[in-house]
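Peer 1: Got a predicted structure here, sequence first:
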Amino acid sequence: MTSTTTTSTTTTMNTIAPAAAIRSAPPRSFVRLETLPGTAVARRKAASRAVADGDLINVRHGLYYRGAKTRYGMTRPPAVEVALEALGRKGVGPAGFSAAREWSLTTQVPPTLHIAGLKPAKDLPGITVTLRSNLDRVGLTYKEIGLVELLRDPEVYVDHGWAALLDAVTAAESAREVRVGKVLSVAATERDVTTRTNAARLREELEGPSGARQAVA
């Protein structure tokens, strides 16, 4: 009798535990299927029920979002947060027009968020991921990686070209928003020849007699 009761209790806990964990997740947070308690079957069932009940949003396979409930339904996660949750926060940053938007250097609105990362990722609706191989990017912030990406072709992505980029970099460093010296050192190790060339040009103009300051740290 005791054995039967114990087995029944364990089975019940394995079924309830993942659902309770989902309910306890704070609003505006991600829920990973693999981190929920209980058996694999119980976790999948609990997540499916939560989606059906409007308590979770299915972001991608194995990843869910618990948004804030409003009169219009549950809020969805910002695309950039989805990208960072899926790809990690190291070596990840905006690319293309998304990088220009991050730096307030374009009025163009890209159809999807364009992200450069060190590992591939599929099934991310609304997000385009471009794979990069330079592991030195791990030491850069999201905004700093955006600058490396802009150096690939500033005349295309920056509305007012090189001069606008130079002004933005100078202002960002003055405000201590980026470490320009670190960015340029990483950009100098990129495979893309244009990126390396533009990094050298940016360093020269910042350090030159007509630059906004004397030297890049």
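Peer 2: Received it, and whenever you're ready, just let me know what you need. Nothing here was measured: the structure is a model prediction, and the numbers come from that model.

Peer 1: Give me the residue at the spatial middle of the chain.
Peer 2: Closest residue to the average C-alpha location of the chain: Leu84 at 2.8 Å, with Cα atoms, centre = their mean.

Peer 1: And the pLDDT for it?
Peer 2: Note on Leu84: pLDDT of 95.

Peer 1: Show the contacting residues for it.
Peer 2: Leu84 makes contact with 92, 142, according to Cβ atoms under 8 Å, 6 or more residues apart in numbering. Using the backbone N, CA and C atoms, a C-beta is placed for each residue, glycine as well.

Peer 1: And the strands in this structure?
Peer 2: 29-32, 57-60, 63-66, 69-70, 73-74, 93-94, 113-117, 127-131 (DSSP state E).

Peer 1: Tell me if I'm right that Ala100 and His160 touch.
Peer 2: No. Contact criterion Cβ atoms under 8 Å: Ala100 and His160 do not qualify, at 10.7 Å.

Peer 1: more crowded one of these two?
Peer 2: Neighbour totals were compared for Ala100 and His160, and Ala100 leads with 27 against 13 (other Cβ atoms under 10 Å).

Peer 1: For the protein, just list every one of the helices.
Peer 2: Per DSSP state H, the chain carries helices over the ranges 2-24, 40-52, 79-87, 96-102, 142-150, 154-157, 161-174, 180-187, 193-207.

Peer 1: Relative to Pro120, which of these is closest?
Peer 2: helix 79-87 (9.0 Å; Cβ to Cβ).

Peer 1: Which residue ranges make up the domains of this protein?
Peer 2: Split into domains by automatic domain parsing, the chain comes to 2-74, 79-207.

Peer 1: which one of those domains has the most crowded surroundings?
Peer 2: Among the domains of the chain, ranked by average contacts under mean count of other Cβ atoms under 10 Å, first place goes to domain 79-207 (a mean of 18).

Peer 1: Show the end-to-end separation of it, please.
Peer 2: 37 Å (Cα to Cα, to the nearest Å).

Peer 1: repeat for stretch 56-65
Peer 2: Termini of stretch 56-65 sit 6 Å apart (Cα to Cα).

Peer 1: cool, stretch 109-126 as well?
Peer 2: Stretch 109-126: ends 13 Å apart by Cα to Cα.

Peer 1: what comes into contact with that stretch?
Peer 2: For stretch 109-126, the surrounding residues in contact (Cβ under 8 Å, 6+ apart) are 60-61, 79-80, 82-83, 86-88, 90-99, 101, 127-133, 135, 137-138, 145, 149.
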